[in-house]
Every structure is written in structure tokens, then in C-alpha cells.
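In: let me see the structure of the following:
(chains A and B)
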Amino acid sequence: GQNIDQPTEMTATEGAIVQINCTYQTSGFNGLFWYQQHAGEAPTFLSYNVLDGLEEKGRFSSFLSRSKGYSYLLLKELKMKDSASYLCAVRRLGRGSTLGRLYFGRGTQLTVWP
Amino acid sequence: DTAVSQTPKYLVTQMGNDKSIKCEQNLGHDTMYWYKQDSKKFLKIMFSYNNKELIINETVPNRFSPKSPDKAHLNLHINSLELGDSAVYFCASSRPRLGAGGPTDTQYFGPGTRLTVL
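Out: Okay, here's the model as predicted:
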């Protein structure tokens, strides 16, 4: 399997900035995804990194360092609705059964307080 | 206009029963998946089909049998249900290109089916 590690829980206040870290160990790395999952709902795609650097999408940004096996998701101007679980997922390059396969971390439960 | 849909949303049943969960996607994707999310929220892949062909078959009991009648549908049949099968089951779809990465491989998830085995 893949070793994907992220903090279990984080808290922050409205308007603040929070950084959720994810470290991984894998062979054949082929991209890292961040998903958001509200309680009782499906995971929804947030961001994707395959090259080193920062990808910015509005209030959310995601960073990747392949040499360090490290990514983070940065959430700015936090809103109450950002309270959710954030899942880091690593994709492996491969043939056959590993095509398009994602390995998920256990998720970071973010609580945003007023 | 739902992208990935699943039925039923909730399923409560007794141990030993056989049940099915249906999944349909209208995104025109080539690949569909079944994931299991346990009580600790760990999301783990079970099966994947590409153009109706099984390409990922994780170590799950053979009581679980996926069936893909066409590219847009992937159903999951579970025989002899056990207490440990209680979880949320998510269907997902994507359009991967062999050997390529990129947002085209993004997986889109259905709303989930919460299975409770009593």
C-alpha cells in the first residue's frame, strides 16, 4: 500500500488561513489530489498537482514537492461552510490494474469556528 | 442532470441477506469505481471497470460482485451480508487515458449508499 499521512483534526476561526499537510511514500507517483467531503456527502474534487509548485484556485491553493513527498492545501479567508473533511489522495502510474488508481489518506477534519 | 447517481441512498438489512446497489453516470466517462468508506472515514477502492472490463479487483470477499452492463452503469451485488459490511459505499467515474495524467483522470463521486447490516 501507500503511506499517506495527514493530521486527523484541525480547527480555525472564520477569516483565518489554515494549511493542511499531507506526506506520502509511493513508487510511480503520478499526481496528488485534494478532495473535500462534508459530513454525509460525497467527496468533491478540489485540486490536482503533478508537478512541483503551487496551484491556486480562488481561496484554495495546493502545493507539491515530489522530492519531499509532501503536499499542502491552503485555505484562505475561511468560512463556516469550509468545515469538512479534506482528503489527500495519491495516484500511481502503472499498467493494467493500477491505471487511474487513487490511494486516499484518512482525511483531516477541519472545524471552522465563528 | 445528476452526474453520478446511486440507489438506494440508505439500505438497512439483516445479516445473511443479499442486496444490490446501483450506480449510473451521465458524464460519458470510460471508467467507474466502487469505494468503501468505513466508520473511521477511510476511503478504499474495491473495484474498477474500464469500458465494461474489470481492471481493479482489490482484496475483497468474493461475496461482493460488481457488474457493468454498459459503460454508464456499474452495480454492486453483495451476498450473505455480514455486520462488518456496514459502511458507506461510493461509486465514482473518470475518463483516464492510458499512461497519461492530468485533470481528465479526476474521479467524480456519487452521493453514496449507507449500508447498515443488523
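
In: quick check: residue A:45 touching residue A:33?
Out: Yes - with contacts counted by CB atoms under 8 Å, residue A:45 reaches residue A:33, the gap being 6.8 Å. Heads up, the C-betas are built off the backbone N, CA and C, glycines and all.

In: okay, and the common contacts of these two?
Out: Common neighbours of residue A:45 and residue A:33, counting by CB atoms under 8 Å, 6 or more residues apart in numbering or on different chains, are B:106-107.

In: need the contact list for residue B:108.
Out: A:45, B:3-4, B:25, B:27, B:29, B:92-94.

In: rewinding a little: which of residue A:45 and residue A:33 has more residues huddled nearby?
Out: Counted by other CB atoms under 10 Å in any protein chain shown, residue A:45 and residue A:33 do not tie: residue A:33 has more neighbours, with 24 against 15.

In: so the more buried one sits against residue A:43, correct?
Out: No - contact between residue A:33 and residue A:43 fails when scored by CB under 8 Å: they sit 9.4 Å apart.

In: so which residue is smack in the middle of chain B?
Out: When CA atoms, centre = their mean is applied to chain B, the residue found nearest the centroid is residue B:34 (2.3 Å).

In: give me phi/psi at it?
Out: phi -120, psi 130 (degrees, to the nearest 10).

In: for it, which residues make a bridge with it?
Out: Beta bridges link residue B:34 to residue B:47, residue B:91 when assigned by DSSP bridges.

In: what sits against it?
Out: B:23, B:45-48, B:66, B:74, B:76, B:89-92.

In: check what pLDDT it gets.
Out: For residue B:34, the model assigns a pLDDT of 95.

In: swap in residue A:100?
Out: 63.

In: buried stuff in stretch B:27-46?
Out: In terms of neighbour count (16 or more other CB atoms under 10 Å in any protein chain shown), stretch B:27-46 has its buried residues at B:29-37, B:41, B:43, B:45-46.

In: show me how far that stretch is from its chain's centre.
Out: Relative to its parent chain, stretch B:27-46 has a centroid offset of 5 Å by CA atoms, centre = their mean, to the nearest Å.

In: for that stretch, measure first residue to last.
Out: Stretch B:27-46 has an end-to-end distance of 21 Å (criterion: CA to CA, to the nearest Å).

In: still on that earlier bit, out of the buried residues of stretch B:27-46, which is nearest to residue A:106?
Out: Distance to residue A:106, by CB to CB, is smallest for residue B:41 among those, at 6.5 Å.
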